[in-house]
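[1] quick check, what structure comes out for this input:
(chains A, B and C)
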Amino acid sequence: MFFSTLVIGLVLGGTYALIALGLTIQYGIARIMNLAYGEITIAGAFFVFLLVSSMGLSPLLGLVLVVPLGFALSWLLYGIVFHPLVKRASHAGQLEIDSILVTFGLMFLAQGLFTMFFGSEFAGYSWLQTPVNLLGAKIAAGRVLGLLIAVLIGGGLWLAMQRTRWGVNLRAVANHPEFAPLVGINRNSAARVAFGLGGAIAAAGGAVMSMYQPFTAVDGGFLTMKALVIVIMGGVGNLGGALMAGLMIGVVEAYVSYAIDPGLTLAATYTIFLGVLLWRPKGLFA
Amino acid sequence: MKTFGILTFLVLAVGMAVLPLGIGDYGHGVLVGMMSYIVLASAWALFSGPTRYVSLATVAFFGIGAYTVAVLADHLPFGAILVVAGSIGLCVALLVGLATLRLAGIYFVIFSFGLAELVRQLITWFETSVNHTLGRYIFIEVSTAQIYWMLLGLGIITLGLRWWIGNSRLGLAVNAIGDDETVARHAGVNVTGVKLALFAVSSVLITLAGAIQAPRWTYVEPSIVFNPTISFMTLVMALLGGPGRLWGPVAGAVPLYFLFEWIATRFPDQNAIILGLVFVAIVFLVPGGLLSLIDKWRARARAAGEQAHA
Amino acid sequence: MLKVVNLTKRFGGLVAVNGVDFDVEQGEVVGLLGPNGSGKSTVMNLISGALPRTLGEIDFDGQRIDGKPPHRIAKLGLSRTFQLVRLTPSLKIRDNVILPLAFGAFPVFGSEAVKRADAALEQVGLAGRGDGPVQDLNYIDQKRLELARAIVTNPKMLLLDEWMAGLNPTELRTAMDLIAGLRDSGMTILLVEHIMEAVRALCPRCIVMSAGTKIADGPTETVLADADVIEAYLGKAHV
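    Predicted coordinates for the structure are as follows:
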């Protein structure tokens, strides 16, 4: 039981890590605290759900389609909503408060729209439910595939950020936004791309999540909260940190829900969060 | 000017106090709802207005107040329950504040974002695994009008406190903290202490608002009293009016309360959508709050007057 | 008045201040010099409590202050200005100055505070501006307001962190006269400054830092002629 709980935790944590990666990119590079982030994830999940349940397409195809859509949506959102706020803000604190408030509004708006179109019941489809034996633990094949996809996307992104010129540019903006223009990097377009990229990852995370777990129209808030906790635990803008922290949170949740009570998973996440805040506010891996 | 302000305030308070006399129970319910949001928005702004720490913990304290009443209703008189509720709110506020207020504002936002959910999970878990039941009945003999008067009293206390803080050295300190904590520290302000004190006072007021209203629901369950919409409504009302001003939260709470009541009856399913749009509209259209528009108009009128003279 | 022993500050692997010792006597005006990145501002931040020290001891007016939070140090009578002007724009000009009075060792508030704040504003050349918003002030006036805020409590010691940077020659003249006035009133001052004209005119004694360590300490003219100091500023070839 110990071992299979660990595997379940890692699978769960893989999705969390993937979702948190997008948020750490949005907050670390674009400097927008996006509290409607989980809604993009849920939008991705609903999109794949629609493709699978009403058109009978494969969730994998859905995943491929949802990534550019998530990018485009977030890219547009940055241009329409956040760019004016960035231009208006007199200092970083102002932008932070403004973006928190606006994204709150967007969160409500999105939750309202989802509820209107899809109702408030659980949505989900069954896919690859056949259990596979993973090192002694019986896990649905869909979950294992989900973990693999999460690791692939996360690892690929990390490589791209480390090795490509494009990744170096983005990291330069993240570390020293004030110097980026000096070396010819357009901060605004870098921020916009980063925000879009974060949205693409969020939507991909939603697609992966829908493959093994039913969800509701209002689940985005929890996802944002968990992603935020993971981002801060890993250190803002630290991709590797987010990956590690995401897996950790997943494992902790799996054990708490197995050994104590499934209703206490968020309480456990928050206890860890508080511990990190008090002990290492810059993140576990700083 | 000062005596004029106090007189207006007194007249307004008396006027609000006699309001329930001419109307029936439905009207009392509406008044309770409105007064509740006046208290919540003003108490929220007491801390979050000057310090600019955006708190989403409102419903955590509101729910703690209501749930304390539900637990103690059969064991203590109502007055004593309110004291207990306020003390619990105070302890939770001090714990949360000590843990999060020393850190950057964003950590506080995130933590307060989930605090209500955390408290709700803990209570639900405790009730189901220790008491083997979920949900409680409240039977306390209090009329709706009496609840309204208690809330009105709480509202007067809240506004009075905000007025007093605004005119004391504490007001200087909190505004300085909102601008630049380092400057405030070097000017001799115990920044953490001031933030903690304001957060505690604000949280106790919110806890009491929840406790006073609890008898209105005869049946209470964690998911009812920890409804996150209450936090968002409070936030959006205070922001609409302008959290930095004494009357700002009131000016935001009254119209929005009636707007949302109307929406809830006319378009019950689009509630969230409209709330979301109002949020976005406030940030883009009235970033400083409604009352700041008055300043702008005055400035424009003055400029126009000077032009006319020249 | 101020005694700094083996003061050390590390940021991760970087040693910004490395075992610095010096004393400042009552009534002295001392210049703290050094090239950019030599750790001067860090020393100021360590003294005022803005940053916690890694090692070492700081005594102020007979009390140990390292490890104390900045608001306690301020209450002991140590004021400062900041390298980049820092004001509180939600308060009107006078209230910026009342703030440290209201939270000083002997809190003053109300009409007495208004009187003292206006006196301080007058002293720095901002007479009659108290009711306006901070946003109305130009750069030199913002610097003046910052100084008024620092001296209104009549501190035992004043830390000026590049307070004269960015002023034009006329403004610099005014600024130097202001500091000279404070010196003549007996205030102990430690100032970080790049403007040599001001340093020569105001500071009989200078401390020079380079790469986190103290390389010279003595009468200004002697120190500025010191070979190590010239090397630190200009490189070896010029010695």
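
[2] who touches the top helix by length along chain C?
    Longest helix in chain C, counting residues (DSSP state H): helix C:169-184. Contacts to helix C:169-184, defined as CB atoms under 8 Å, 6 or more residues apart in numbering or on different chains, come from residues C:29, C:123-125, C:140, C:143-144, C:147, C:151, C:158, C:160, C:163-164, C:167, C:189, C:191, C:195, C:197-198, C:201-202. Every residue, glycine included, has its C-beta placed from N, CA and C.

[3] now the next helix or strand after it and helix C:169-184, what's the angle there?
    Using DSSP states H and E, the helix or strand that directly follows helix C:169-184 along the chain is strand C:188-192. Here the directions of strand C:188-192 and helix C:169-184 differ by 150 degrees (axes from the mean of the first three to the mean of the last three CA atoms, to 10 degrees).

[4] so who does A:G142 touch?
    Contacts of A:G142 by CB under 8 Å, 6+ apart are A:127-129, A:211-212.

[5] contacts for stretch C:18-28, please.
    Contacts of stretch C:18-28 (CB under 8 Å, 6+ apart): C:1-8, C:30, C:39, C:43, C:55-56, C:157, C:186-190, C:204-205, C:207, C:209, C:211-214, C:217.

[6] just the ones in helices from these, please.
    Going by DSSP H, the helices hold C:V43 from the contacts of stretch C:18-28.

[7] narrow the contacts of stretch C:18-28 to those in strands?
    Cross-referencing these against strands under DSSP state E gives C:2-8, C:30, C:55-56, C:157, C:188-190, C:205, C:207, C:209, C:213-214, C:217.

[8] show me where the stretch 1-150 of chain A has helices.
    A:2-28, A:37-55, A:59-77, A:83-88, A:92-118, A:141-163 (DSSP state H, counting those that start in this stretch).

[9] the shortest one packs against which elements?
    To tie it back to what came earlier, the one meant is helix A:83-88. helix A:92-118, helix A:187-212 (3 or more CB pairs under 8 Å, 6 or more residues apart in numbering or on different chains; DSSP states H and E).

[10] helix A:37-55 and the last one, what's the angle between them?
    Angle, helix A:187-212 to helix A:37-55, by the same axes, to 10 degrees: 50 degrees.

[11] and the next helix or strand after helix A:187-212, which residues are buried?
    Heading C-terminal from helix A:187-212, the first helix or strand you meet, by DSSP H and E, is helix A:220-234. Buried residues in helix A:220-234, counting neighbours by 16 or more other CB atoms under 10 Å in any protein chain shown, are found at A:220-234.

[12] let me know the pLDDT of A:A191.
    A:A191 is assigned 85 on the pLDDT scale.

[13] measure it to A:A172 for me?
    For A:A191, the distance to A:A172 (CB to CB, to the nearest Å) stands at 12 Å.

[14] more crowded one of these two?
    Neighbour count, other CB atoms under 10 Å in any protein chain shown: between A:A191 and A:A172, A:A191 has more, with 24 against 18.

[15] quick one, phi/psi of the residue lying closest to the more buried one once chain neighbours are set aside?
    Distances taken as CB to CB, 6 or more residues apart in numbering or on different chains place A:A30 nearest to A:A191, at 4.2 Å, with adjacent residues excluded. Note on A:A30: its backbone torsions stand at phi -80, psi -10 [degrees, to the nearest 10].

[16] what's the answer for C:P69, then?
    phi -70, psi 150.

[17] any idea how far C:V4 is from it?
    Counting by CB to CB, the gap from C:P69 to C:V4 is 18 Å.

[18] residue contacts, the residue nearest to B:L90 when sequence neighbours are not counted?
    Counting by CB to CB, 6+ apart, the nearest residue to B:L90 once its immediate chain neighbours are dropped is B:V204, at 5.2 Å. Contact analysis of B:V204 by CB under 8 Å, 6+ apart lists B:61, B:86, B:89-90, B:93.

[19] show me which of these is closest to chain A.
    B:A93 (15.0 Å; CB to the nearest CB).

[20] so that closest one sits against B:L205, correct?
    No - contact criterion CB atoms under 8 Å: B:A93 and B:L205 do not qualify, at 10.3 Å.

[21] returning to what we had before: filter the ones in strands among the contacts of stretch C:18-28 down to the buried ones and hand me the PyMOL line.
    Only the buried members of those end up in this PyMOL selection, burial being decided by 16+ other CB under 10 Å:
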select buried, chain C and resi 2+3+4+7+8+30+56+157+188+189+190+205+207+209+213+214+217
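
[22] please identify the buried residues of the host helix or strand of B:W163?
    Using DSSP H and E, B:W163 falls within helix B:144-167. By 16+ other CB under 10 Å, the buried positions in helix B:144-167 come out as B:144-145, B:147-156, B:158-159, B:161-163, B:165-166.

[23] how about the residues of chain A near chain C?
    Within chain A, not a single residue sits near chain C (CB under 8 Å from any CB of the partner chain).

[24] go on, chain B?
    Residues of chain B lying near chain C (CB under 8 Å from any CB): B:50, B:168-169, B:172-173, B:175-176, B:178-180, B:182-191, B:244.

[25] can you give me the distance of A:A89 to A:Q129?
    Following CB to CB, the distance that separates A:A89 from A:Q129 is 49 Å.

[26] more neighbours: those two, which one.
    A:A89 (15 against 10).

[27] low-confidence ranges, the chain, go.
    In the absence of a named chain, chain A is used. Applying pLDDT under 70 to chain A picks out residues A:1, A:134-136, A:177-184, A:286.

[28] my bad, the chain I had in mind was chain B
    Ranges of chain B meeting pLDDT under 70: B:1, B:306-310.

[29] where exactly do the helices run in it?
    Counting by DSSP H, the helices of chain B are B:2-18, B:25-51, B:58-72, B:78-100, B:105-129, B:144-167, B:169-179, B:181-186, B:191-213, B:222-225, B:229-241, B:248-266, B:271-285, B:290-309.

[30] nearest residue to C:M209 in space, please, no chain neighbours.
    Using CB to CB, 6+ apart, the closest residue to C:M209 is C:G34 (3.8 Å).

[31] which residues touch that neighbour?
    Contacts of C:G34 (CB under 8 Å, 6+ apart): C:40, C:208-210, C:232.

[32] mind doing that once more with 6 Å?
    Applying CB atoms under 6 Å, 6 or more residues apart in numbering or on different chains to C:G34 gives the contacts C:40, C:208-210.

[33] element containing A:V252?
    Per DSSP H and E: helix A:239-259 holds A:V252.

[34] what's the angle between that helix and helix A:141-163?
    Using the same axes, to 10 degrees: helix A:239-259 against helix A:141-163 is 160 degrees.

[35] does helix A:239-259 reach chain B?
    No - shown here: helix A:239-259 not in contact with chain B (CB under 6 Å from any CB of the partner chain), separated by at least 10.8 Å.

[36] so which elements touch that helix?
    On a contact count with 3 or more CB pairs under 6 Å, 6 or more residues apart in numbering or on different chains; DSSP states H and E, helix A:239-259 meets helix A:2-28, helix A:220-234, helix A:265-279.

[37] can you tell me how far A:A200 is from chain C?
    34 Å (CB to the nearest CB, to the nearest Å).

[38] cool, and A:V218?
    37 Å.

[39] chain neighbours aside, what residue packs nearest to that residue?
    A:Q111 (5.1 Å).

[40] so A:D261 sits against B:T124, correct?
    No - using CB atoms under 6 Å, A:D261 makes no contact with B:T124, being 9.3 Å away.

[41] so for the two, which residue has more residues nearby?
    B:T124 (19 against 16).

[42] report the contact partners of that one.
    A:263, B:222.

[43] quick one, domains of chain C?
    C:23-52+C:66-77+C:155-239, C:89-154 (automatic domain parsing).

[44] show me the contacts for the residue nearest to A:A191.
    Here A:A30 is in contact with A:191, A:194-195 (criterion: CB under 6 Å, 6+ apart).

[45] go again with 8 Å.
    Contacts of A:A30 (CB under 8 Å, 6+ apart): A:78, A:82, A:191-192, A:194-195, A:198.

[46] among the helices of chain B, which is nearest A:F273?
    Nearest to A:F273 among the helices of chain B is helix B:105-129; the distance by CB to CB comes to 7.1 Å.
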